[in-house]
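> How does the following fold in three dimensions:
(chains A, B, C and D)
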There are 2 protein chains.
Amino acid sequence: MKIDKSLMTGSTTMLILRLLENTDMYGYQMIEELEKRSQNIFTLKAGTLYPLLHTLEQQNMIESYDTKADSARPRKYYRLTKDGRKMLEEKKTEWQAYTTAVNQVLGGHSYVRA
Amino acid sequence: MKIDKSLMTGSTTMLILRLLENTDMYGYQMIEELEKRSQNIFTLKAGTLYPLLHTLEQQNMIESYDTKADSARPRKYYRLTKDGRKMLEEKKTEWQAYTTAVNQVLGGHSYVRA
DNA sequence: TGACTATATATCGATCATCTATATATAATG
DNA sequence: CATTATATATAGATGATCGATATATAGTCA
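You can find the predicted model right below:
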């Protein structure tokens, strides 16, 4: 099922931070991981992700380190900072409030107000 | 609780169509109704709504009629068309798929893949 | 070997949804 | 009579995401 990409707006940052909650990851890996975990619903584009990672790093939410990589190709790993964890918790709370509100409107009995 | 307005993106159209599912409404009323039903989470701005209504009307999803209004102030009521109902159903399905996917990523056990 | 595909990161300009600000007009309030 | 609430409308700004493009290396297959 194809979902309107505009729905994605606003939750991308939360999802990226969530991926980093338990494991450090590099950009390309995040794209694949998101796809897998969402059953191909989210196909985050490289052109979206990399600038976003740079912004989050500037904001001190994540920090990067390069693999020495004698053999492997160069990868830039990201790790969640303390601030990033805090931001993630906030975004999760927001997400809860938002979906609750939408579902309330969707499910609400259409009480036609007099 | 203030939620990031960018989360709103993509669901606004669905919410508007949902409001019209059971009752015809005019623009200003939709703003108030959305606020009420969402417990003040959604404060849709007039500058967002009116252009959106015009677009939806052009797309034949809704149609408008004016109140004769001998007394009351002029209001432009909107009614959901057949196409609009279909669109609403599609948007609901999309919404389901989207939130399911996000929650899956959020809740997913962080299986660190080898 | 050579061509092609997958991996990996990066940036620029375009697109699209929403917001802010502004405008207009009438009804209700004090 | 001034102010606020109701009601619709549009123009320009902002911000998130995408498409296109670039670069470089590793793996695959003929």
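> rest of the way, CA atoms for contacts and neighbours
OK.
> Over to the spatially most central residue of chain A. Which of the three states is it?
What sits nearest the mean C-alpha location of chain A, by Cα atoms, centre = their mean, is A:Leu15, with 2.0 Å. At A:Leu15, secondary structure determined by DSSP: H, G, I helix; E, B strand; the rest coil is helix.
> do you know how far it is from B:Met8?
Separation of A:Leu15 from B:Met8 (Cα to Cα, to the nearest Å): 16 Å.
> Could you do A:Arg85 as well?
For A:Arg85, the distance to B:Met8 (Cα to Cα) stands at 23 Å.
> So which of those two has more stuff around it?
With neighbours defined as other Cα atoms under 10 Å in any protein chain shown, A:Arg85 and B:Met8 compare such that B:Met8 has more, 20 against 17.
> Do the longest helix along chain A and DNA strand D come into contact?
The longest helix of chain A (DSSP state H) is helix A:82-107. No - residues of helix A:82-107 are not located near DNA strand D by Cα under 7 Å from any atom of the strand, the shortest gap being 12.5 Å.
> And for stretch A:26-46?
Yes - Stretch A:26-46 is in contact with DNA strand D by Cα under 7 Å from any atom of the strand, via A:Thr43, A:Leu44, A:Lys45, A:Ala46.
> Enumerate every residue touching the second one.
The neighbourhood of A:Leu44, defined by Cα atoms under 8 Å, 6 or more residues apart in numbering or on different chains, consists of A:Ile31, A:Leu34, A:Glu35.
> Just say helix, strand or coil for A:Leu20.
When classified by three-state DSSP, A:Leu20 comes out as helix.
> Let me see the mean pLDDT of stretch A:74-84.
For stretch A:74-84, mean pLDDT rounds to 96.
> for that stretch, which positions count as buried?
Of the residues in stretch A:74-84, A:Arg75, A:Lys76, A:Tyr77, A:Tyr78, A:Arg79, A:Leu80, A:Thr81, A:Gly84 count as buried by neighbour count, 16 or more other Cα atoms under 10 Å in any protein chain shown.
> Just the C-alpha atoms of the lowest-mean-pLDDT helix or strand in chain A, please, in CSV.
Using mean pLDDT, DSSP states H and E, the weakest-scoring helix or strand in chain A turns out to be helix A:5-8, at a mean of 91. Provided in CSV are the C-alpha atoms of helix A:5-8 (Å, rounded to 0.1, in the frame of the first residue of the first chain):
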residue,chain,number,x,y,z
LYS,A,5,4.3,10.9,1.8
SER,A,6,3.1,14.1,3.3
LEU,A,7,1.9,12.0,6.3
MET,A,8,5.5,11.2,7.0
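> returning to that earlier point: turn the residues of stretch A:26-46 next to DNA strand D into CSV, columns for secondary structure.
What follows is those, written out as CSV (three-state DSSP):
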residue, secondary structure
A:Thr43, coil
A:Leu44, coil
A:Lys45, coil
A:Ala46, helix
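> In those residues, which residue is surrounded by the most others?
Counting neighbours by other Cα under 10 Å, A:Leu44 leads the residues of stretch A:26-46 next to DNA strand D with 18 neighbours.
> Quick one: neighbours of A:Ile16, just the number.
23.
> and it, what does it touch?
A:Met30.
> same deal with A:Ile31?
A:Thr43, A:Leu44, A:Lys45, A:Ala46, A:Leu49.
> so it sits in a helix?
Yes - residue state for A:Ile31 (three-state DSSP) corresponds to a helix.
> Give me the pLDDT for A:Met1.
Value for A:Met1, per-residue pLDDT: 80.
> Touching, it and A:Ile41? I think so.
Yes - with contact defined as Cα atoms under 8 Å, A:Met1 counts as touching A:Ile41 (7.3 Å).
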